[in-house]
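# pasted the sequence and its predicted model underneath.
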Amino acid sequence: MPNETQLPPELKITDRFEVGLPKLGTVSLPLCGPVFKIWDGIPLAFDYGNKPILNYKGEPCFAELVILRTLLDHGWDGVWVEAFGGTHFLRSMPKGWSLKSEHVSIPKDKEDFLKEIQKSAGTKACFDVFVWKKDQILFLEGKHKHKDQLTEAQLKFIEGALNCGMSPQSLVIVEWETGKDMTP
């Protein structure tokens, strides 16, 4: 199970997220609630149709990359899994709708495992961030608090991951917000 010794302090597990799955019933997933900074620098030419741009150590990033980079900075390896127009593995900000220039390779065993989950799930969907460290594997799904929710395809992905031997504790919901989102 991810805990404070495995996850960075910025992604500390603070609660549980109950998810009703089509075939497996209700499962309880770890939940963390980080607060991210809004990017207030020069506007980007490409924002994926008005996705929030966040500030990660002085660089503009989408939430998926803030989550990924936080983990990379703490010794994990991994990628943002973007399913737009096919499955792409990213570590940098996309510059346009074609993601080929930002696509990176991942170890074959990790890619094969992801394909096994997707086959079991019957969907190409995946959680946003796929990371590994030694023998640990985590999937993290970023959701903008009060604005996003899990999709039907993501529920299928959870079932596929569980059917392939993943523990519910290895499927983390990152319900992020910005200082601007928070109400007093």
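Nice, thanks for sending it over.

# so how far is the lowest-mean-pLDDT helix or strand in the chain off the chain centroid?
Least confident element among the helices and strands of the chain, by mean pLDDT, DSSP states H and E: strand 88-90 (a mean of 86). Taking the mean of its C-alpha atoms, strand 88-90 sits 12 Å from the chain's own mean (Cα atoms, centre = their mean, to the nearest Å).

# what sits up against that strand?
By Cβ atoms under 8 Å, 6 or more residues apart in numbering, the residues outside strand 88-90 that reach it are 64-65, 79-82, 99-100, 102-106, 130. Using the backbone N, CA and C atoms, a C-beta is placed for each residue, glycine as well.

# can we see that at 6 Å?
Contacts to strand 88-90, defined as Cβ atoms under 6 Å, 6 or more residues apart in numbering, come from residues Val79, Trp80, Glu82, Leu99, Glu102, His103, Val104, Ile106.

# and stretch 118-135, by the same measure?
So stretch 118-135 is contacted by 64, 67-68, 71, 76-81, 83, 138-142, 153-154, 156-157, 160, 163-164 (Cβ under 6 Å, 6+ apart).

# try 7 Å
64, 67-68, 71, 75-81, 83, 87, 110, 114, 138-142, 153-154, 156-157, 159-160, 163-164, 171 (Cβ atoms under 7 Å, 6 or more residues apart in numbering).
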